[in-house]
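Enquirer: The sequence isn't on hand, but the structure is:
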(Lines give C-alpha, C1' and ligand atoms only; values in the text may rest on other atoms or scores of the structure.)
Protein backbone atom coordinates (compact mmCIF):
# COMPACT_ATOMS: atom_id res chain seq x y z
CA UNK A 1 0.00 0.00 0.00
CA UNK A 2 2.83 2.40 0.86
CA UNK A 3 4.49 1.49 -2.46
CA UNK A 4 1.31 2.32 -4.40
CA UNK A 5 0.98 5.69 -2.66
CA UNK A 6 4.67 6.41 -3.34
CA UNK A 7 4.23 5.56 -7.05
CA UNK A 8 1.10 7.73 -7.31
CA UNK A 9 2.86 10.57 -5.54
CA UNK A 10 5.83 10.21 -7.92
CA UNK A 11 3.61 10.32 -11.06
CA UNK A 12 1.64 13.28 -9.69
CA UNK A 13 4.91 15.15 -9.10
CA UNK A 14 6.10 14.34 -12.65
CA UNK A 15 2.82 15.52 -14.20
CA UNK A 16 2.81 18.75 -12.18
CA UNK A 17 6.48 19.34 -13.02
CA UNK A 18 5.85 18.77 -16.75
CA UNK A 19 2.87 21.13 -16.68
CA UNK A 20 4.95 23.81 -14.97
CA UNK A 21 7.62 23.47 -17.67
CA UNK A 22 4.97 23.81 -20.42
CA UNK A 23 3.60 26.94 -18.76
CA UNK A 24 7.14 28.35 -18.49
CA UNK A 25 7.78 27.71 -22.21
CA UNK A 26 4.49 29.38 -23.20
CA UNK A 27 5.23 32.34 -20.91
CA UNK A 28 8.72 32.64 -22.40
CA UNK A 29 7.33 32.62 -25.97
CA UNK A 30 4.71 35.24 -25.08
CA UNK A 31 7.32 37.61 -23.66
CA UNK A 32 9.63 37.24 -26.68
CA UNK A 33 9.43 39.96 -29.30
CA UNK A 34 8.83 39.15 -32.95
CA UNK A 35 12.41 40.29 -33.59
CA UNK A 36 13.77 37.71 -31.12
CA UNK A 37 11.61 35.05 -32.74
CA UNK A 38 13.02 35.95 -36.17
CA UNK A 39 16.55 35.58 -34.78
CA UNK A 40 15.73 32.23 -33.18
CA UNK A 41 14.62 31.08 -36.65
CA UNK A 42 17.93 32.10 -38.25
CA UNK A 43 16.56 35.30 -39.78
CA UNK A 44 17.67 38.90 -39.28
CA UNK A 45 15.61 41.23 -37.08
CA UNK A 46 15.32 43.87 -39.79
CA UNK A 47 12.92 41.93 -41.98
CA UNK A 48 10.06 43.60 -40.14
CA UNK A 49 9.93 47.33 -39.41
CA UNK A 50 9.61 49.20 -36.15
CA UNK A 51 6.07 50.01 -35.04
CA UNK A 52 4.62 46.53 -34.57
CA UNK A 53 1.57 46.73 -32.29
CA UNK A 54 1.05 43.01 -31.82
CA UNK A 55 1.90 39.64 -33.33
CA UNK A 56 0.92 36.01 -33.09
CA UNK A 57 2.72 32.79 -33.92
CA UNK A 58 1.13 29.34 -33.82
CA UNK A 59 2.70 25.89 -33.47
CA UNK A 60 2.76 25.43 -37.28
CA UNK A 61 4.83 28.59 -37.80
CA UNK A 62 1.91 30.66 -39.08
CA UNK A 63 2.45 34.25 -37.98
CA UNK A 64 0.56 37.51 -38.16
CA UNK A 65 2.02 40.94 -37.48
CA UNK A 66 -0.08 44.06 -36.99
CA UNK A 67 1.44 47.49 -37.58
CA UNK A 68 -0.02 50.82 -36.48
CA UNK A 69 -0.36 51.76 -40.15
CA UNK A 70 0.89 50.80 -43.57
CA UNK A 71 4.38 52.15 -44.21
CA UNK A 72 7.51 52.16 -46.38
CA UNK A 73 11.03 51.20 -45.32
CA UNK A 74 14.18 51.91 -47.33
CA UNK A 75 16.83 49.26 -47.91
CA UNK A 76 18.43 49.04 -51.37
CA UNK A 77 14.82 49.08 -52.59
CA UNK A 78 11.74 50.47 -50.94
CA UNK A 79 9.70 47.85 -49.12
CA UNK A 80 6.04 48.49 -48.43
CA UNK A 81 4.40 46.88 -45.40
CA UNK A 82 0.61 46.68 -45.16
CA UNK A 83 -1.01 47.13 -41.74
CA UNK A 84 -1.28 43.33 -41.52
CA UNK A 85 1.56 41.04 -42.59
CA UNK A 86 1.27 37.26 -42.44
CA UNK A 87 3.11 34.15 -43.53
CA UNK A 88 4.67 30.91 -42.41
CA UNK A 89 7.90 31.02 -40.44
CA UNK A 90 10.39 28.15 -40.51
CA UNK A 91 14.11 28.00 -39.87
CA UNK A 92 15.89 30.28 -42.33
CA UNK A 93 12.80 31.36 -44.23
CA UNK A 94 9.43 33.06 -44.31
CA UNK A 95 6.98 31.73 -46.89
CA UNK A 96 3.42 32.29 -48.10
CA UNK A 97 3.88 35.97 -47.33
CA UNK A 98 1.08 38.46 -47.58
CA UNK A 99 1.36 42.18 -46.91
CA UNK A 100 4.89 42.99 -48.13
CA UNK A 101 5.74 44.52 -51.51
CA UNK A 102 9.03 45.56 -53.08
CA UNK A 103 9.43 48.38 -55.56
CA UNK A 104 11.26 47.40 -58.73
CA UNK A 105 11.77 50.40 -61.00
CA UNK A 106 8.23 51.85 -60.98
CA UNK A 107 6.35 48.64 -60.25
CA UNK A 108 5.27 47.24 -56.88
CA UNK A 109 5.72 43.46 -56.74
CA UNK A 110 4.47 41.20 -53.95
CA UNK A 111 7.13 39.53 -51.84
CA UNK A 112 6.06 35.88 -51.69
CA UNK A 113 8.92 34.58 -49.56
CA UNK A 114 12.25 35.40 -47.95
CA UNK A 115 15.10 32.99 -47.23
CA UNK A 116 18.69 32.90 -46.08
CA UNK A 117 21.36 30.31 -46.82
CA UNK A 118 22.14 27.82 -44.06
CA UNK A 119 25.05 28.06 -43.29
CA UNK A 120 25.02 31.76 -43.98
CA UNK A 121 26.57 33.08 -47.16
CA UNK A 122 25.89 36.66 -46.08
CA UNK A 123 23.04 36.93 -48.59
CA UNK A 124 19.27 37.03 -48.25
CA UNK A 125 16.84 36.20 -51.07
CA UNK A 126 13.43 37.76 -51.73
CA UNK A 127 10.98 35.86 -53.95
CA UNK A 128 9.21 38.61 -55.89
CA UNK A 129 7.21 36.53 -58.31
CA UNK A 130 9.25 35.72 -61.37
CA UNK A 131 12.68 36.36 -59.84
CA UNK A 132 14.66 36.06 -56.63
CA UNK A 133 16.29 39.34 -55.61
CA UNK A 134 19.41 38.94 -53.50
CA UNK A 135 20.64 41.47 -50.97
CA UNK A 136 23.39 41.66 -48.41
CA UNK A 137 22.21 40.23 -45.11
CA UNK A 138 23.83 43.21 -43.35
CA UNK A 139 21.07 45.50 -44.69
CA UNK A 140 18.59 43.74 -42.40
CA UNK A 141 20.51 43.68 -39.11
CA UNK A 142 18.11 45.94 -37.23
CA UNK A 143 14.42 46.84 -37.67
CA UNK A 144 14.12 49.82 -40.01
CA UNK A 145 12.14 52.96 -39.38
CA UNK A 146 8.95 52.83 -41.37
CA UNK A 147 7.43 55.95 -42.91
CA UNK A 148 3.65 56.04 -43.26
CA UNK A 149 2.53 56.41 -46.84
CA UNK A 150 -0.55 58.05 -48.24
CA UNK A 151 -2.30 56.54 -51.25
CA UNK A 152 -3.17 60.01 -52.51
CA UNK A 153 0.51 61.00 -52.59
CA UNK A 154 1.25 57.75 -54.39
CA UNK A 155 -1.46 58.35 -57.03
CA UNK A 156 -2.17 62.06 -57.47
CA UNK A 157 -4.74 61.37 -60.18
CA UNK A 158 -6.90 59.61 -57.57
CA UNK A 159 -6.88 62.85 -55.57
CA UNK A 160 -9.87 64.93 -56.69
CA UNK A 161 -8.13 68.19 -55.83
CA UNK A 162 -5.30 67.31 -58.25
CA UNK A 163 -7.41 68.19 -61.28
CA UNK A 164 -8.60 71.44 -59.75
CA UNK A 165 -5.10 72.42 -58.69
CA UNK A 166 -3.31 71.74 -61.96
CA UNK A 167 -6.00 71.93 -64.67
CA UNK A 168 -5.23 75.54 -65.67
CA UNK A 169 -1.49 74.79 -65.93
CA UNK A 170 -2.12 71.71 -68.09
CA UNK A 171 -4.47 73.66 -70.34
CA UNK A 172 -1.91 76.45 -70.75
CA UNK A 173 0.91 74.05 -71.63
CA UNK A 174 -1.12 72.25 -74.27
CA UNK A 175 -3.11 75.34 -75.30
CA UNK A 176 -6.35 73.52 -74.61
CA UNK A 177 -9.59 75.40 -74.58
CA UNK A 178 -12.55 73.75 -72.94
CA UNK A 179 -16.01 74.13 -74.40
CA UNK A 180 -18.32 76.19 -72.20
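Expert: Nice, I can see it. Quantities reported herein were computed from a predicted structural model and do not represent experimental measurements.
Enquirer: use CA for all of it now, contacts and neighbours both
Expert: Fine.
Enquirer: can you give me the helices for this structure?
Expert: Using DSSP state H, the helices of the chain run over 2-31, 34-40, 151-154, 160-174.
Enquirer: Show me the contact partners of stretch 95-111.
Expert: Identification of contacts with stretch 95-111 by CA atoms under 8 Å, 6 or more residues apart in numbering yields 77-89, 112-114, 126-129.
Enquirer: buried stuff in it?
Expert: 95, 97-103, 109-111 (16 or more other CA atoms under 10 Å).
Enquirer: as a whole number, average confidence for stretch 42-60?
Expert: In this model, stretch 42-60 carries a mean pLDDT of 96.
Enquirer: Show me the domain layout of the protein.
Expert: Using automatic domain parsing, the domain parsing of the chain gives 1-31, 34-149, 153-180.
Enquirer: The last one - what's its average pLDDT?
Expert: The average pLDDT within domain 153-180 is 42.
Enquirer: coming back round to it: just the buried residues of the contacts of stretch 95-111.
Expert: The buried subset of the contacts of stretch 95-111 - by 16+ other CA under 10 Å - is 79-89, 112-114, 126-128.
Enquirer: quick one: contacts for residue 144?
Expert: Shown in contact with residue 144 (CA under 8 Å, 6+ apart): 46, 48-50, 73-74.
Enquirer: Nearest to residue 63 among those?
Expert: Ranked by distance to residue 63 (CA to CA), the contacts of residue 144 are led by residue 48 at 12.2 Å.
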